[in-house]
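Undergrad: Provided below are the primary sequence and the corresponding predicted coordinates.
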Amino acid sequence: MQTENGKLVYYGFEAATVWRETRLAAKPGAAAWLPYFCAMRKTWLCFIWLLPQVCLADTAYVRKMTDTLSTPVFSGRGYVGNGMGLAAQFIAQQMQTLGMDVQMQPFTYPVNRFANGMELSINGRLLTPGVHYLVNPGSQSCRASGALTGIDSLLYVNKKQAVAIRMMPSKLTWSVATAQNNFTEFWVKDTTIGKPERFDALVDAEYVPDFSAQNVQGFLRGTAQTDSLLVFTAHYDHLGMMGANTMFAGANDNASGVALMLSLAKHYAANPPRFNMLFLAFGGEEAGLIGSKYYVEHPLVSLKKIRFLINLDLVGNGEEGITVVNATEHKAAFLHLQKLNQQHGWFTAVNGRGKAANSDHYWFSQSGVPAFFIYTLGARKSYHDVDDVAATLRWPEAHDLQQMLLAFANSLMLDCCW
């Protein structure tokens, strides 16, 4: 708490210090305090409601949830070993433990997956999947060997076997495919081998036209008589397995977002908020924002009741600041976030960017729901690779981000900031 230009400033709230002029203008007696009480009521409501929110973020809980969701138990929260299904059940159990009303929302979509064989040798050298190469996620199965013909300096093919070797000059980044090609392609680090001349390959691919996934919704009722909702979202799915032994843990993307969302839920379960709160964990984000699109098309609550939605994705760093997507769409809210950060010094920068279809906030924004997507920035650039593991993440920034989100959410619930 501090004062600026005669105003009380507390977690971003500016309340006019009307006590002095109101009291001087009033006549003596009990009735003289009524104007003062009315004038200050909103100020004190802001202050009182913010008091519980200054608790330390449960960083240990965030770390525990991130570590757990990144373990091999969940097989990268993807399409092999029921990884995504087990993660959905785990998140639902955490929500139930916190006393939330939980609903599961099933949906299906097509996916190409790799559950078993994954081998590649080039020029007689056996390469390590995930480290030396990736398979194009749309590849078909193959068990083949033969000579390679250069198409250019980066692409080598065996047309008879429908196999391609593409040399990658930049980092290896994997993804999810919802269709299967009529060829098999490997993306190989160009520093791994010399000119590819021969190959031996084994890939077991399976196209699943109706893979089953679920969205998980947790609901906390607020204390005020209002239908307004504040919503926190995070996708829990990741890329899963590329063969039987290569796991993409997805610690930053997006075990970190789910962990922070659950930590916020834990906080509000212990400190009941004014508004109703919704916590949504989406499946199918990596395959094209499928779970959030399905939810918007089949909402479990009225989208018109959502006061604001905050989507958390890639929040396991932060030493270089944060970026807010949709900042240009909601300028006043973004400026308030920046002001909060200036007052408390949580991050070195709060950057804004425009509208983008790069995470689960997008379909809500398209439907008229005010929404931000927040991600953190840091020195570690692991993304959609086997190096995105929990040991690389930073936890002090998780505390700072939670404090910022608590302050911002309270601003929204009290409507006394912009």
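TA: Cool, the structure landed.

Undergrad: Report how many residues lie close to Lys171.
TA: The tally of other residues near Lys171 (other C-beta atoms under 10 Å) stands at 12. From N, CA and C alone the C-beta is placed, and that goes for glycine too.

Undergrad: That one belongs to a strand, doesn't it?
TA: No: Lys171 is assigned coil when assessed by DSSP: H, G, I helix; E, B strand; the rest coil, not a strand.

Undergrad: Identify the residue spatially nearest to it, adjacent ones excluded.
TA: Closest residue to Lys171 apart from its sequence neighbours, by C-beta to C-beta, 6 or more residues apart in numbering: Asp385 at 6.8 Å.

Undergrad: which ones are touching that neighbour?
TA: By C-beta atoms under 8 Å, 6 or more residues apart in numbering, the contact set of Asp385 is Gly130, Lys171, Leu172, Thr173, Trp174, Phe248.

Undergrad: quick one, phi psi at the nearest residue in space to Val80 that is not next to it in sequence?
TA: Excluding its sequence neighbours, the residue lying closest to Val80 (C-beta to C-beta, 6+ apart) is Met241, at 4.0 Å. Here is the backbone geometry of Met241 (degrees, to the nearest 10): phi -110, psi 140.

Undergrad: In this structure Asn245 contacts Pro129, no?
TA: Yes: with contact defined as C-beta atoms under 8 Å, Asn245 reaches Pro129; the gap is 7.5 Å.

Undergrad: With Met167 as the reference, measure out to Asn182.
TA: 22 Å (C-beta to C-beta, to the nearest Å).

Undergrad: Could you do Thr323 as well?
TA: Per C-beta to C-beta, Thr323 is found 32 Å from Met167.

Undergrad: the more surrounded of the two?
TA: Taking other C-beta under 10 Å, Thr323 and Met167 do not tie; Met167 has more neighbours (20 against 17).

Undergrad: Centre of the chain to whatever helix or strand that one lives in, how far?
TA: According to DSSP states H and E, Met167 maps onto strand 163-168. With C-alpha atoms, centre = their mean, to the nearest Å as the basis, strand 163-168 stands 32 Å off its chain's centre.

Undergrad: now what about it, what contacts it?
TA: The contact list for strand 163-168 (C-beta under 8 Å, 6+ apart) reads 122, 136, 142, 144, 146, 148, 153-158, 183-190, 196, 199, 201.

Undergrad: Quick one, which of those are buried?
TA: 122, 136, 142, 144, 148, 156-158, 183-189, 196, 199, 201 (16 or more other C-beta atoms under 10 Å).

Undergrad: Which of those fall in strands?
TA: The strands, defined by DSSP state E, take in 122, 142, 144, 156-158, 184-189, 199, 201 from those.

Undergrad: Looking at those residues, spot the one nearest Trp395.
TA: Nearest to Trp395 among those: Lys189, at 31.1 Å, using C-beta to C-beta.

Undergrad: what pairs with that closest one across the strands?
TA: Lys189 has the following beta-bridge partners by DSSP bridges: Met168.

Undergrad: Help me confirm that it comes into contact with Gly130.
TA: No: the criterion here is C-beta under 8 Å, and Lys189 misses it with Gly130 at 10.9 Å.

Undergrad: Highest neighbour count among the contacts of Asp385?
TA: Phe248 (25 neighbours).
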